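K.L.:
Sequence first, then the predicted structure:
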Amino acid sequence: MRRLPTAAFLFLAILFSPACSSEPQEIYWYAIELDGQLVGFNAASTTPGDSARGIPITTRSEGRMVFSLLGYPLDATIVMVQKTDASDGRVLSVELETNTGGSIAGASFVREGSVLHHITMPDGVTREIPVDEGLIIDEGKLADALIVNPGPEIGATATYRQLDPFLGNILTRDYTAEGETTLILEGREYTCRWVSPARCGSTGPMAP
């Protein structure tokens, strides 16, 4: 069981399961902590694709969190299915669904060239979102970028533009390097870099 320090790391847990065979790999389980308390779990697995046959990589995850919000109990689940081009690593489509106390919502997008066709549920609002080279739509790509920039120097800052997959907003975030630490997971040592958002702005919802 792996632990995530806050619920904000849910999407990182979803996307960080490596593919290693032609069959669905072992399910990876993650614990989710909020303010030091265990509040839920996330389970993720990946089925590798085949670039020669045009079969995308499929990542599926399901998570659940149970905690108190302003004194009221909250039971939330989130399911995500992401398809990624096996030849170049581009995210092709994402489907998300949340269930919070019986209230179901979700979103999906399909990539077509340099445009994302985004739809939110249950309102059915659709948008077309242009994708440029600097826009990050995969949390895994963000993690790779943060290793290089801002890098390990304490206080170094870098700015990235990210897609909010639920709302279709473009977020602009400044990330600041806080330091490094070493974690031991399953007997192996990992050097971990702590990076925090120093500022977050949004362009607001895209026009339908």
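P.N.:
Everything's here; your move.
K.L.:
Kindly list the single helix or strand of the chain that scores lowest on mean pLDDT.
P.N.:
helix 10-15 (a mean of 35; mean pLDDT, DSSP states H and E).
K.L.:
after that one comes which helix or strand?
P.N.:
In the C-terminal direction, the helix or strand that comes right after helix 10-15 (DSSP states H and E) is strand 28-34.
K.L.:
then that next one to CSV, C-alphas only?
P.N.:
Written as CSV, here are the backbone C-alpha positions of strand 28-34 (Å, rounded to 0.1, in the frame of the first residue of the first chain):
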residue,chain,number,x,y,z
TYR,A,28,-1.7,-0.6,-7.8
TRP,A,29,-3.3,0.5,-4.6
TYR,A,30,-2.7,4.0,-3.0
ALA,A,31,-3.8,5.3,0.4
ILE,A,32,-5.1,8.9,0.4
GLU,A,33,-4.4,11.1,3.4
LEU,A,34,-5.9,14.5,4.3
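K.L.:
For the very next helix or strand once past that strand, which helices and strands make contact with it?
P.N.:
Going down the chain from strand 28-34, the next helix or strand is strand 37-47, by DSSP H and E. Packed against strand 37-47, as judged by 3 or more C-beta pairs under 8 Å, 6 or more residues apart in numbering; DSSP states H and E, are the following elements: helix 10-15, strand 28-34, strand 57-69. Bear in mind the C-beta positions are built from the backbone N, C-alpha and C, glycine included.
K.L.:
List the buried residues of strand 37-47.
P.N.:
39, 40, 41, 42, 43, 44, 45, 46, 47 (16 or more other C-beta atoms under 10 Å).
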